[in-house]
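Undergrad: The following block contains a protein sequence and its predicted model.
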Amino acid sequence: MHVYIDESGDLGFSPRSTRFFVIAYLNLDYPFETEILMKRLLKRLHQRRKYARGCNELKYSNSKDTVKQIVLGKICQCDLKIGLVVLEKTKVHRKLRRNRTKLYNYIIVDKVLRKILPELNSTDRLNVIIDRSLSRPSRKAFNDYLREKASWLLTVEWGQPNQIVLSNIEVQHRDSQREPCLQATDFLAGACFHKYEHNDDCFFQIIENRVEYFDYLWK
């Protein structure tokens, strides 16, 4: 299983910060279909002059509304599962506000693993791919936290240590420009963020029926 994770919004708590922070993740057994789709879409949009030729990756923030609608619609035609985590930042405890690394790791790791680990067995492999935006020390901290959380959930909380072998869990931090599935995840995060931050679900409606996992923190 391949799980691609991206985000929209920020984790700041100043008056200029976003009100929401959104995590989107794509659950794929075979990424090839989505990779080809995103590459073909980029090429086609360049040819039709609907997307800047200087942009070598599809990004939600660089796209016109019509392009967002096209890309989101095509993504939903693929064989995949969509997950979303929405954080309303006014609900974050003061202690967590002072430790953004801990908050970031918790939102991504805890919520994603709780959804996908139960679907895996001892012979499966889990490849988690996240955008390479963290510093090197932060990447190591993220990787360590993910494996420790997986171990805790399987052996302590759930008592199912044989569900997946920990050595079969791999984390990769990749450049989104070279990873089309991360680009797809970026569009999903953007559509969800737009719904909550701007109270407008025009893009979210396109993907809503394909969302398999959803968490709203903390109601």
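TA: Received, thanks.

Undergrad: how about the strands in the protein?
TA: Here the chain has its strands, by DSSP state E, at 2-9, 20-28, 81-88, 126-131, 169-174, 211-217.

Undergrad: Now do the longest one: which elements does it pack against?
TA: Think strand 20-28. If you count contacts as 3 or more C-beta pairs under 8 Å, 6 or more residues apart in numbering; DSSP states H and E, strand 20-28 packs onto strand 2-9, strand 81-88, helix 111-116, helix 180-197, strand 211-217. Glycine gets a C-beta too; all of them are placed from N, C-alpha and C.

Undergrad: With the first one instead?
TA: Using 3+ C-beta pairs under 8 Å, 6+ apart as the contact criterion, the secondary-structure elements in contact with strand 2-9 are strand 20-28, helix 111-116, strand 126-131, helix 180-197.

Undergrad: same thing but 6 Å
TA: Contacts defined by 3 or more C-beta pairs under 6 Å, 6 or more residues apart in numbering; DSSP states H and E place strand 2-9 against strand 20-28, strand 126-131, helix 180-197.

Undergrad: Now tell me what touches the first one from outside.
TA: Residues lying outside strand 20-28 but in contact with it, judged by C-beta atoms under 6 Å, 6 or more residues apart in numbering, are 2-9, 11, 80-81, 83-88, 107-108, 112, 185, 188-189, 192-193, 196-197.

Undergrad: picking up where we left off before, looking at the strands of the chain, spot the one closest to residue 119.
TA: Closest to residue 119 of the strands of the chain, according to C-beta to C-beta: strand 20-28, at 8.1 Å.

Undergrad: which stretches of the protein aren't confidently modelled?
TA: 161, 219 (pLDDT under 70).

Undergrad: rerun that using 80 as the cut-off
TA: Applying pLDDT under 80 to the chain picks out residues 160-163, 219.

Undergrad: ok, residue 71 - contacts?
TA: Contact analysis of residue 71 by C-beta under 6 Å, 6+ apart lists residue 187.

Undergrad: now it: how far from residue 148?
TA: As judged by C-beta to C-beta, to the nearest Å, residue 71 and residue 148 stand 36 Å apart.
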